[in-house]
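Peer 1: Test case, fold it:
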Amino acid sequence: PTLPFSAVAVDARGPVAVLAVHALERPWITEIFRDPAPRGRGLGTALLRYAVTAAAEHGLSDLGASVTVGNVRSSRMLERVGFRRLDDLSLIHI
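Peer 2: Here you go, the predicted structure:
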């Protein structure tokens, strides 16, 4: 099931960023998308910070995410928010 701290950011034209968190072996970010146009800048990081804070408020001690090998921008974004690398694909925020 999708957890309650999944989120969608919208502007007057519609969705500009989406973050989906599902209950897997631990709460896991299964999808993150932001509009690549300038109007979406910074929203991925904002949604990640929201999810980390909301997870903690729901009593969850960690939140996982996967990044495609070679996706340096997404890896850096997750690491800036406090995620640490577990292996080539997975990161976790504790």
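
Peer 1: mind checking the longest helix of this protein?
Peer 2: For the chain, the longest helix by residue count, based on DSSP state H, is helix 43-57.

Peer 1: Tell me the spacing between residue 92 and residue 84.
Peer 2: 6 Å (Cβ to Cβ, to the nearest Å). (Each C-beta comes from the backbone N, C-alpha and C, glycine too.)

Peer 1: Which one's more surrounded, these two?
Peer 2: Between residue 92 and residue 84, counted using other Cβ atoms under 10 Å, residue 92 has the larger neighbour count: 16 against 11.

Peer 1: Now name the helix or strand holding the more buried one.
Peer 2: For residue 92, the enclosing helix or strand under DSSP states H and E is strand 90-93.

Peer 1: That strand pairs with which strands, and in what direction?
Peer 2: Strand 90-93 has the following strand partners under DSSP bridges: strand 63-66 (antiparallel), strand 84-85 (antiparallel).

Peer 1: which outside residues touch the last one?
Peer 2: The one in question is strand 84-85. For strand 84-85, contacts defined as Cβ atoms under 8 Å, 6 or more residues apart in numbering pick out 75, 79, 91-94.

Peer 1: Grab the nearest non-local neighbour of residue 83.
Peer 2: residue 91 (4.0 Å; Cβ to Cβ, 6 or more residues apart in numbering).

Peer 1: pLDDT weak spots in the protein?
Peer 2: Judged by pLDDT under 70, the chain has its weakly predicted residues at 38-40, 94.

Peer 1: for it, longest strand please?
Peer 2: strand 14-23 (DSSP state E).

Peer 1: what is the orientation angle of whichever helix or strand comes after it with helix 43-57?
Peer 2: Where DSSP H and E defines the elements, the next helix or strand beyond strand 14-23 is strand 27-34. If you take axes from the mean of the first three to the mean of the last three Cα atoms, to 10 degrees, strand 27-34 sits at 160 degrees to helix 43-57.

Peer 1: Excluding its own residues, what touches strand 27-34? List them.
Peer 2: By Cβ under 8 Å, 6+ apart, strand 27-34 touches 3, 16-22, 24, 40-41, 43-44, 47-48, 51, 55, 60, 62-66, 74.
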